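**Student:** Have a look at this prediction, sequence included:
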Amino acid sequence: MIKLNPFKPNSPVSTGMFAGRIKEVEALEKGLHQTKCGHPSHFLITGERGIGKSSLMMILKDFSIGNIETLDHGHFNFLTFNTVISERTTLTTLIKLIERVIKREVGKIESVRKFLNSTWDFVQRIKVMDSGIEKADRNEESDLLIDDFAYSLAETCKRITKPEKGESSKDGIIFIIDEADNACENLHIGYFFKTVTELLQQNGCNNVMFVVAGLPDVTEKLAKSHESSIRIFNQIKVKELNPQDRFYVIEKGIEEGNRLNSEPTTVSEDAKKHISTLSEGYPHFIQQFAYSAYDFNSDGEISADDVLEGAFNEDGAIDAIGAQYYATDFHSKIKSDEYRQVLSIMAEKMNSWIKKSEIRLQFTGDDQTLTDALRALTGRKIILKNSSKMGEYRLQQRGFAIWIKLFGSRKK
């Protein structure tokens, strides 16, 4: 009999399977309350791939739009805009997306639609800022565009929080912006958030909250665009789930599977321990190992052997994790086994700094090859070079180190 697999490694987990993150959830909930009351809080959420940033933002969205009740402040009713930043996202693209969502969500009443058309009419005048424009002119045009955007956003927020007769009221506007580490230089991401938040305040608007998420290097991108942009954010660093929360995720998945399928499935304590250990507490990895074990099982009781077979078999959990997160960096971007050996040596230190002299002690190649490897791996952004200490390097993500240690020795 074909069973429906309840684990979802390629999607943010549903609210019902969300585990841990109590401090993070409480901080975001408090931020919503502060913003509703006219004291906006902005958040920068950082963490490695697969650590659960998207799931955290999903529950934030459910809180903000009132889909679920918060822990301490009841239901909210914000207009919530969420988007993903890509390398192609420009300032004009981002503003157009925001205008489109606002008009779609609150422009159903005729009077509101007329107000929005008038307030956001500057978007129709936007011209593409191509390479033919001098840099000084382009920067000036960006400043004018941001000023128009902040004014229009402020007026819109004031209108929906203090509506006219026949219009429904909102608590404010929430912006959830994911994968901000992809931001191109022309987006001026740090400058954008710093300037917009100041202009909103100047325009008497205090019910807008920005939540920005990305890999750890998003902090560097924000600071490079505007040094003080980091100061506007409360920073949340998402880390691995503890063993108790890992078990909870597995058990909730089994419960969901038994609800969906006519024949029940159980999972042994040893199997849960194996999933917990292999995943290292990365929520996406928990989902993937559990998914593969659930698929491999045939007798209704997921055992430790099911977990291991589902993990190490061809097209199992290991292959899936590697293909999605790390195989490109480890195999396709690197043509030399000696370069891969450097990564394997560095992985023993996880993503902590390691000196070149320490790598040399274990490296089987010559000094010049090691120098070339470190230069190439840094240039391809596979590893980071310590700007404050000469001759120190580290892997960008702890998850990459874990994958190399566990699975990097497998052939492509």
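**Tutor:** In hand now; what should we look at? Because the structure is a prediction, the values reported are computed rather than measured. Numbers count the residues shown, from 1 in each chain.
**Student:** Check the protein for its longest helix and report it.
**Tutor:** If you go by DSSP state H, the chain has its longest helix at helix 135-161.
**Student:** What is that helix packed up against?
**Tutor:** helix 91-106, helix 110-119, strand 173-178, helix 189-202, strand 208-214 (3 or more C-beta pairs under 8 Å, 6 or more residues apart in numbering; DSSP states H and E). In this view, the C-beta of every residue, glycine as well, is placed from N, C-alpha and C.
**Student:** Let me know which of these is tucked in deepest.
**Tutor:** strand 208-214 (a mean of 25; mean count of other C-beta atoms under 10 Å).
**Student:** Give me the packing partners of it, helices and strands only.
**Tutor:** helix 22-36, strand 42-46, helix 53-65, helix 135-161, strand 173-178, helix 189-202, helix 218-225.
**Student:** what pairs with it, and is each one parallel or antiparallel?
**Tutor:** If you go by DSSP bridges, strand 208-214 pairs up with strand 42-46 (parallel), strand 173-178 (parallel).
**Student:** Centre of the chain to the longest one, how far?
**Tutor:** What separates the centre of strand 173-178 from the centre of its chain is 12 Å, taken as C-alpha atoms, centre = their mean, to the nearest Å.
**Student:** I'd like the distance between the closest residue to Lys61 other than its chain neighbours and Thr195.
**Tutor:** Residue nearest to Lys61 in three dimensions, not counting chain neighbours: Thr80, with 5.5 Å by C-beta to C-beta, 6 or more residues apart in numbering. Distance, Thr80 to Thr195, by C-beta to C-beta, to the nearest Å: 22 Å.
**Student:** Ala373 now?
**Tutor:** Distance from Ala373 to Thr195, by C-beta to C-beta: 41 Å.
**Student:** any idea how far Glu155 is from His188?
**Tutor:** 23 Å.
**Student:** what's the closest of the strands paired with strand 208-214 to Val249?
**Tutor:** Set against Val249 and scored by C-beta to C-beta, those come closest in strand 42-46, at 19.4 Å.
**Student:** That closest one to helix 189-202, inter-axis angle?
**Tutor:** 160 degrees (axes from the mean of the first three to the mean of the last three C-alpha atoms, to 10 degrees).
**Student:** List the buried residues for strand 42-46?
**Tutor:** His42, Phe43, Leu44, Ile45, Thr46 (16 or more other C-beta atoms under 10 Å).
**Student:** Give me the neighbour count for Arg88.
**Tutor:** Arg88 has 9 neighbours, counted by other C-beta atoms under 10 Å.
**Student:** And what about Ile254, helix, strand or coil?
**Tutor:** Using DSSP: H, G, I helix; E, B strand; the rest coil, the structure places Ile254 in helix.
**Student:** For it, the count of nearby residues, please.
**Tutor:** The burial count for Ile254: 20, using other C-beta under 10 Å.
**Student:** Which parts of the stretch 251-400 of the chain are strands?
**Tutor:** 266-267, 301-302, 354-355, 383-385, 392-395 (DSSP state E, counting those that start in this stretch).
**Student:** Looking at those strands, spot the one closest to Ile286.
**Tutor:** The closest of the strands of the stretch 251-400 of the chain to Ile286 is strand 266-267. By C-beta to C-beta, the value is 12.4 Å.
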